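1. here you go, sequence then predicted model.
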Amino acid sequence: EIVQGLLEIQHLTEKNLYSQRRQLHSEHRGLKQELFHRHKEAQQCCRPHNLPLLRAAQQREMEAMEQQIREEQRMMDEKIVLELDQKVIDQQSTLEKAGVSGFYITTNPQELTLQMNLLELIRKLQQKEAEAEKKFS
């Protein structure tokens, strides 16, 4: 039951983080479109002899926005990784407190892989037990 509960929490967390990232991407797309339309309007109102200067300024503005967007995406990705890492620690702690052998807080990749394999084994045993209960019911 503990493993199933942790799995559900993990899935909700992943969906929430994915949704946040998708929302940020959508906001960025809107900002780009808005800037593109502003630039287009400015170019239509611009006198021909000022057009090269305007386009150069607009190019700098677009590059600055692209840089800002990349930075915001990087920060969002870092936030997501940190939150998922914290979720792993919470899961390890919960399983350790529940007395499940092999679980303790660690960041060692080999130990994490071992813990993931243990969890998968627990889930498979749980499924087999549920199937057996259905047969005898």
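-> Done, it's in.

2. only C-alpha atoms for contact and neighbour calcs from this point on.
-> OK.

3. mind giving me the packing neighbours of the longest helix seen in the chain?
-> Counting residues, the longest helix in the chain under DSSP state H turns out to be helix 51-97. Here helix 51-97 touches helix 2-45, going by 3 or more CA pairs under 8 Å, 6 or more residues apart in numbering; DSSP states H and E.

4. try it again at 10 Å.
-> For helix 51-97, the elements it packs on are helix 2-45, helix 109-136, judged by 3 or more CA pairs under 10 Å, 6 or more residues apart in numbering; DSSP states H and E.

5. report the secondary structure state of residue 102.
-> Following DSSP: H, G, I helix; E, B strand; the rest coil, residue 102 is assigned to coil.

6. from residue 96, how far out is it?
-> To residue 96, residue 102 is 8 Å away according to CA to CA, to the nearest Å.

7. please work out the angle formed by the directions of the longest helix of the chain and helix 109-136.
-> Put simply, helix 51-97 runs at 60 degrees to helix 109-136, going by axes from the mean of the first three to the mean of the last three CA atoms, to 10 degrees.

8. name the residue most distant from the centre of the protein?
-> Most distant from the centre of the chain: residue 49, at 47.3 Å, with distances by CA atoms, centre = their mean.

9. in three-state terms, label it for me.
-> Applying three-state DSSP: residue 49 is helix.

10. which ones are touching the closest residue to residue 39 other than its chain neighbours?
-> Using CA to CA, 6 or more residues apart in numbering and skipping the chain neighbours, the partner closest in space to residue 39 is residue 58 (6.7 Å). By CA atoms under 10 Å, 6 or more residues apart in numbering, the residues touching residue 58 are 35-36, 38-40, 42-43, 52, 64.

11. just the buried subset of those, please.
-> 35, 39, 43 (16 or more other CA atoms under 10 Å).

12. just to revisit the earlier point, adding distance to residue 80 and mean pLDDT, write the helices and strands packed on helix 51-97 out as a markdown table.
-> Formatted as a markdown table, these follow (distance: least, CA to CA, whole Å; pLDDT from 0 to 100):
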| stretch | distance to residue 80 | mean pLDDT |
| --- | --- | --- |
| helix 2-45 | 6 | 95 |
| helix 109-136 | 19 | 88 |
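
13. turn those helices into TSV, including distance to residue 85.
-> Output for the helices and strands packed on helix 51-97, formatted as TSV (distance: least, CA to CA, whole Å):
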stretch	distance to residue 85
helix 2-45	11
helix 109-136	11
